[in-house]
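Peer 1: Build me a structure from this.
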Amino acid sequence: MPTSLAALAPTASKADDQRTRKKPWKKKPKLSVSGRVYALYRVVDFANRPSNEFRLRSARVQAKWKEGSLIEAVAEAELSHEEEVVSAWAPLRDAYVRLKPMRALRLQAGQFKKPFSRLELLSRRRLAAIERGIANDWIISSLGYGGRDTGVQLDGKLGKYPSLEYAAGIFNGNGTNQRESDPDGSKDVVVRLSSQIAPWLNVGADASQKRFDRQSPSSADFPRSALMTGLDFGLKLDKLNVTGEAMYGDNYAFVNRPMSWSTLLLVSYKFAVAKDWALAVEPVLQGELMKVEHDVIDGHLLAGAAGANLHIGRTFRLMLQGDIVRAAANVPADWRDESRLSLQAAFDTP
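Peer 2: Down below sits the predicted model:
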């Protein structure tokens with residue numbers, strides 16, 4: 001029996017689709033712009049600081065350019081200027097290009113966050129607490145094991161449940177908007193592995209090794225190398241979110257080179273209070289223990305935070321949080337007892 005025209009139509013349509021389907025690099029580029037504004041009022045009980053102040057925590061703009069699923073470029077600028085050292089401030093934050101030939105293999109180059117610390121890698125728009133904690137301030141920022149740096153990274157993801165996600169990068173090691181300063185070109189190497197074991201549980205492990213040129217005046221007092229390791233997890237059950245993190249490694253900034261470690265637990269629960277008005281309340285609890293000199297003087301700090309966030313729609317949060325830090329008597333003078341109450345208005349584009 002002759003084949004009807006109707007029977008041929010679907011086949012012809014599929015052939016047309018295949019001929020007209022564009023390759024990833026031939027698709028029309030897409031430019032998107034996003035940003036955030038965070039305004040903060042804080043009352044502090046700490047010597048040599050204003051007892052209360054208004055602060056513009058962040059005014060950030062990000063532009064993202066995508067060409068299909070193959071190429072992505074990001075440039076992000078911070079317009080607020082809060083750093084105490086004026087010469088250390090520069091508006092550029094993220095600035096990188098990313099090639100994504102496949103889900104399992106991607107290449108990223110430029111300035112971006114090192115793949116170390118779940119809490120540091122978590123965007124502030126997804127962070128339930130106002131601050132990332134004392135260990136983030138010390139281990140990630142001051143010691144420079146994590147945070148933004150200039151370098152190159154390979155990363156990818158395999159499978160679904162369970163999945164394996166990896167990232168490995170080489171960085172200058174000098175932080176945001178800084179060029180290489182070591183004459184021998186010493187680099188930081190950072191590696192992270194994580195697995196989505198189930199839809200509700202993700203676990204991760206990472207390591208960050210810093211290398212210094214001891215012939216350089218800026219790092220003459222440092223060891224040749226220093227290592228920090230970490231374990232973490234993220235748990236999400238309906239509206240409950242739990243993040244846990246532990247880090248252990250070299251405190252190279254102190255003369256006696258002690259080991260430093262920390263543990264942190266952050267818990268939040270978001271529930272709707274008025275769906276018609278898109279209102280939700282999110283209680284938040286955070287606890288942390290950090291030892292800055294475990295081997296020598298056993299100096300430690302305890303920190304806790306409690307608060308609640310009022311979500312209005314998808315873009316606005318009113319965040320109220322109380323923090324307390326208690327330092328042991330043998331902790332260096334850089335850390336002291338502190339109490340503070342913060343109220344932050346946080347706006348993030350969707």
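Peer 1: CA only for contacts and neighbour counts going forward, please
Peer 2: OK.
Peer 1: which stretches of the stretch 101-250 of the chain aren't confidently modelled?
Peer 2: Using pLDDT under 70 as the threshold, the predicted model of the stretch 101-250 of the chain has no low-confidence range.
Peer 1: Strands of that one, residue ranges please.
Peer 2: Here the stretch 101-250 of the chain has its strands, by DSSP state E, counting those that start in this stretch, at 105-113, 148-159, 163-171, 188-198, 201-211, 225-237, 240-250.
Peer 1: got the contact list for the fourth one?
Peer 2: By CA atoms under 8 Å, 6 or more residues apart in numbering, the residues outside strand 188-198 that reach it are 114-116, 160-173, 202-211.
Peer 1: Put the buried members of those residues into a ChimeraX selection.
Peer 2: Buried residues among the contacts of strand 188-198 (16 or more other CA atoms under 10 Å), as a ChimeraX selection:
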select :114,115,116,164,165,166,167,168,169,170,171,172,173,202,203,204,205,206,207,208,209,210,211
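Peer 1: May I see the strands of the stretch 101-250 of the chain organised as a markdown table, with distance to A47 added?
Peer 2: Supplementary listing: these in a markdown table, determined by distance: least, CA to CA, whole Å:
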| stretch | distance to A47 |
| --- | --- |
| strand 105-113 | 32 |
| strand 148-159 | 30 |
| strand 163-171 | 37 |
| strand 188-198 | 36 |
| strand 201-211 | 33 |
| strand 225-237 | 31 |
| strand 240-250 | 29 |
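Peer 1: Out of those strands, which gets nearest to R49?
Peer 2: Taking CA to CA, strand 148-159 is the member of the strands of the stretch 101-250 of the chain nearest to R49, at 27.3 Å.
Peer 1: Show the contacting residues for the most centrally placed residue in the chain.
Peer 2: Nearest to the geometric centre of the chain sits L121, at 2.1 Å (CA atoms, centre = their mean). With contacts taken as CA under 8 Å, 6+ apart, L121 has the following neighbours: 113, 115.
Peer 1: just checking, what packs against the helix or strand where S342 lies?
Peer 2: Secondary-structure element containing S342, defined by DSSP states H and E: strand 338-348. Secondary-structure packing of strand 338-348 (3 or more CA pairs under 8 Å, 6 or more residues apart in numbering; DSSP states H and E): strand 30-45, strand 316-327.
Peer 1: Return the set of buried residues in the longest one.
Peer 2: Read it as strand 30-45. 35-44.
Peer 1: Next secondary structure element downstream of it?
Peer 2: Once the chain leaves strand 30-45, the next helix or strand it forms, by DSSP H and E, is strand 52-67.
Peer 1: Tell me which strands the following helix or strand past that following strand pairs with, and in which orientation.
Peer 2: Next helix or strand after strand 52-67 toward the C-terminus (DSSP H and E): strand 71-78. Within its sheet, strand 71-78 is paired with strand 52-67 (antiparallel), strand 92-102 (antiparallel), according to DSSP bridges.
Peer 1: could you give the angle of strand 71-78 to strand 30-45?
Peer 2: In this structure, strand 71-78 runs at an angle of 30 degrees to strand 30-45, with axes from the mean of the first three to the mean of the last three CA atoms, to 10 degrees as the basis.
Peer 1: Columns mean neighbour count and distance to I140 on top of the strands paired with strand 71-78, output as a markdown table?
Peer 2: What follows is these, written out as a markdown table (neighbours: other CA atoms under 10 Å; distance: least, CA to CA, whole Å):
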| stretch | mean neighbour count | distance to I140 |
| --- | --- | --- |
| strand 52-67 | 16 | 19 |
| strand 92-102 | 18 | 16 |
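Peer 1: neighbours of L158, just the number please.
Peer 2: 14 (other CA atoms under 10 Å).
Peer 1: cool, A274 as well?
Peer 2: 11.
Peer 1: coming back round to it: mind checking the helices and strands packed on strand 338-348 for the one nearest to T150?
Peer 2: Judged by CA to CA, the one of the helices and strands packed on strand 338-348 that comes nearest to T150 is strand 30-45, at 22.0 Å.
Peer 1: between that closest one and strand 316-327, how big is the angle?
Peer 2: Orientation note: strand 30-45 sits at an angle of 50 degrees relative to strand 316-327 (the same axes, to 10 degrees).
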